[in-house]
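Participant: here is the input, now give the coordinates:
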Amino acid sequence: MTALQPSLSFNQWLVGARQRAHQPARQPRQALRVAGQVVGSVAAGVLSQISLQRLWDKRYQLSNSEHSGVPVWSLELAPEALSEATPGAITDALNTLAAALRDANLCGPWRNEQLAVTNLQGDVVGTVERGAVRVLGITTCAVHLVGLAPDGRMWVQKRSLNKPNDPGLWDTLMGGMVSAADSLSQALARETWEEAGLHVGALADVAHGGHVLFSRPSSEGGGAGYMVERIDWFSAVVPEGMAPVNQDGEVDEFALLPLADVRAQVAQGLFTLEAGLVIAGFLGL
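Facilitator: Got it, this is the predicted structure:
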């Protein structure tokens, strides 16, 4: 990976990147309530395109009505289950809705992976298939690892061309979603092994560095998605003689770059937006 002459300075890129990280939806969105709790939002009209038969079979009711004078979509459980709106019941309702979206080609890539679903207070109320979170405007959590060599150079990865999002762009040493089954530390360990073949316990100076927030339109669901995400990032030193080796087929190659080269290539748009902002945080900018 060879450094190219940047058309923008890193600081100029950063101004635009922060604006791109927080953008309003392209079309009006309405709150999504499940069992009386707001868990996300949907573009107006999207849920009108799905077949309700699958929901009816499970005795769930999807309706569009006003709540406190504002139009909202409500997914309700069977009347006898409302008094026991457990995470399991809410999970089944949301996954039934996700399957209906998939059948209507209104879903993101189906991953067979469950992500946590929270209410406005941040309490986990259930889980849902990862492929549906953007269309349903559900807040997600991710984790990144900035990996350094002992001499201060940075390990970076090139995303596989088969990745559904940002294929072929460069990324931090590791970046992945926090699944419903994982704590933040568990996700850090799992993703670091899967993407880089490294055990977190074998790294030096592992530390939580901060977080980056995103709220921006998503192309999923035919452009009806909205990304709301918190990325927690960590930094660590990869010891001398140790190098990352991908385990899950999602990385094409790794490179070890001086920080000046990383800054230049981020400014050229060769890195994902998420990675660039994480790197900016690591640099103290």
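
Participant: select the longest strand from the protein.
Facilitator: Longest among the strand segments of the chain by residue count, using DSSP state E, is strand 204-218.

Participant: and that one, what does it pack onto?
Facilitator: Other elements packing on strand 204-218 under the criterion 3 or more Cβ pairs under 8 Å, 6 or more residues apart in numbering; DSSP states H and E are helix 10-21, strand 225-237, helix 273-282. (Glycine included, C-beta is placed from N, CA and C.)

Participant: got those as CSV, with mean pLDDT and mean neighbour count columns?
Facilitator: Supplementary listing: the helices and strands packed on strand 204-218 in CSV, determined by pLDDT from 0 to 100; neighbours: other Cβ atoms under 10 Å:
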stretch, mean pLDDT, mean neighbour count
helix 10-21, 96, 15
strand 225-237, 98, 21
helix 273-282, 98, 23
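
Participant: so which of these comes closest to Trp56?
Facilitator: Distance to Trp56, taken as Cβ to Cβ, is lowest for strand 225-237 among the helices and strands packed on strand 204-218, at 25.4 Å.

Participant: in the stretch 51-200 of the chain, which spans are strands?
Facilitator: Taking DSSP state E, counting those that start in this stretch to define them, one finds strands in the stretch 51-200 of the chain at 61-67, 70-76, 114-118, 124-129, 140-148, 154-159, 170-172, 174-177.

Participant: now do the fifth one: everything it contacts.
Facilitator: Strand 140-148 is contacted by residues 115-116, 133, 154-155, 172-178, 184, 187-188, 191-192, 196, 198, 203, 209, 227-238, 244, 274-275, 278-279, 282 when judged by Cβ atoms under 8 Å, 6 or more residues apart in numbering.

Participant: hmm, back to that, would JSON lines of the strands of the stretch 51-200 of the chain with mean neighbour count and distance to Arg33 be doable?
Facilitator: Putting the strands of the stretch 51-200 of the chain into JSON lines (neighbours: other Cβ atoms under 10 Å; distance: least, Cβ to Cβ, whole Å) gives the following:
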{"stretch": "strand 61-67", "mean neighbour count": "13", "distance to Arg33": "7"}
{"stretch": "strand 70-76", "mean neighbour count": "17", "distance to Arg33": "5"}
{"stretch": "strand 114-118", "mean neighbour count": "21", "distance to Arg33": "12"}
{"stretch": "strand 124-129", "mean neighbour count": "21", "distance to Arg33": "11"}
{"stretch": "strand 140-148", "mean neighbour count": "23", "distance to Arg33": "19"}
{"stretch": "strand 154-159", "mean neighbour count": "23", "distance to Arg33": "35"}
{"stretch": "strand 170-172", "mean neighbour count": "25", "distance to Arg33": "35"}
{"stretch": "strand 174-177", "mean neighbour count": "22", "distance to Arg33": "24"}
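
Participant: just put these in JSON lines and tack on distance to Leu94 and mean pLDDT.
Facilitator: Written out in JSON lines, the entries for the strands of the stretch 51-200 of the chain read as follows (distance: least, Cβ to Cβ, whole Å; pLDDT from 0 to 100):
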{"stretch": "strand 61-67", "distance to Leu94": "11", "mean pLDDT": "88"}
{"stretch": "strand 70-76", "distance to Leu94": "7", "mean pLDDT": "93"}
{"stretch": "strand 114-118", "distance to Leu94": "6", "mean pLDDT": "97"}
{"stretch": "strand 124-129", "distance to Leu94": "4", "mean pLDDT": "96"}
{"stretch": "strand 140-148", "distance to Leu94": "14", "mean pLDDT": "98"}
{"stretch": "strand 154-159", "distance to Leu94": "28", "mean pLDDT": "98"}
{"stretch": "strand 170-172", "distance to Leu94": "29", "mean pLDDT": "98"}
{"stretch": "strand 174-177", "distance to Leu94": "17", "mean pLDDT": "96"}
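
Participant: Phe254 is nearest to which of these?
Facilitator: Distance to Phe254, taken as Cβ to Cβ, is lowest for strand 154-159 among the strands of the stretch 51-200 of the chain, at 5.2 Å.

Participant: before we move on, back to that, which of the helices and strands packed on strand 204-218 sits closest to Ala267?
Facilitator: When those are compared for distance to Ala267 using Cβ to Cβ, the nearest one is helix 10-21, at 4.1 Å.

Participant: angle of that closest one against strand 204-218?
Facilitator: Between helix 10-21 and strand 204-218, the angle comes out at 50 degrees (axes from the mean of the first three to the mean of the last three Cα atoms, to 10 degrees).
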